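Colleague: can you look at this prediction? I've put the sequence above it.
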Amino acid sequence: MQQACTGSCAGGGGTQPTATTQPTQAPVAGQCTNLLVYKDSQVVTPSTLQAGDSIVFAVNGTNASRARIRVNGASFVESGTKNTSNQYTFPYTIPSGTTNFTIEAEVYTNGQWQ
């Protein structure tokens, strides 16, 4: 199984120089910082998973009010639910016949998905 925070969750940002003498500050930007997989409340290596396993994806994000994931290019699923580690969580059961998939994650901050 492949997992990745896509480029769209890389977050970040910066400021452009201005003609004023006052320094400008970058807006507080959100960032998808980590995508974990839990099975039976333990972080697991994705390569150990099998079809039929019930797992939980967990996304860490800075300055985020919610997060969303997408598996194999399907529609994004959104969550505002956090676990005790302050990670946004997404329960998921691996479908039968699935041997490889891609997970994308984004966090929502400052009115946009990052």
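Modeller: Alright, I've got the coordinates. Just so you know, these numbers come straight off a predicted model, no measurement behind them.
Colleague: use CA for all of it now, contacts and neighbours both
Modeller: OK.
Colleague: strands of the chain, start to end?
Modeller: Under the criterion DSSP state E, the chain contains strands at 2-3, 31-39, 42-43, 54-62, 66-71, 77-79, 88-93, 102-109, 112-113.
Colleague: show me what counts as buried in the fourth one.
Modeller: For strand 54-62, a neighbour-count test (16 or more other C-alpha atoms under 10 Å) marks 55-61 as buried.
Colleague: redo those as TSV? Include distance to residue 104 and pLDDT.
Modeller: Shown next, in TSV, are the buried residues of strand 54-62 (distance: C-alpha to C-alpha, whole Å; pLDDT from 0 to 100):
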residue	distance to residue 104	pLDDT
55	16	96
56	14	96
57	11	95
58	11	95
59	10	93
60	13	89
61	13	82
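Colleague: can I get those residues in JSON lines with distance to residue 110?
Modeller: Putting the buried residues of strand 54-62 into JSON lines (distance: C-alpha to C-alpha, whole Å) gives the following:
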{"residue": "55", "distance to residue 110": "30"}
{"residue": "56", "distance to residue 110": "26"}
{"residue": "57", "distance to residue 110": "23"}
{"residue": "58", "distance to residue 110": "21"}
{"residue": "59", "distance to residue 110": "18"}
{"residue": "60", "distance to residue 110": "16"}
{"residue": "61", "distance to residue 110": "13"}
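Colleague: between these, which sits nearest residue 93?
Modeller: residue 55 (6.0 Å; C-alpha to C-alpha).
Colleague: the closest one contacts residue 93, correct?
Modeller: Yes: applying C-alpha atoms under 8 Å, one finds residue 55 in contact with residue 93, separated by 6.0 Å.
Colleague: okay, and the common contacts of those two?
Modeller: By C-alpha atoms under 8 Å, 6 or more residues apart in numbering, residue 55 and residue 93 have no common neighbours.
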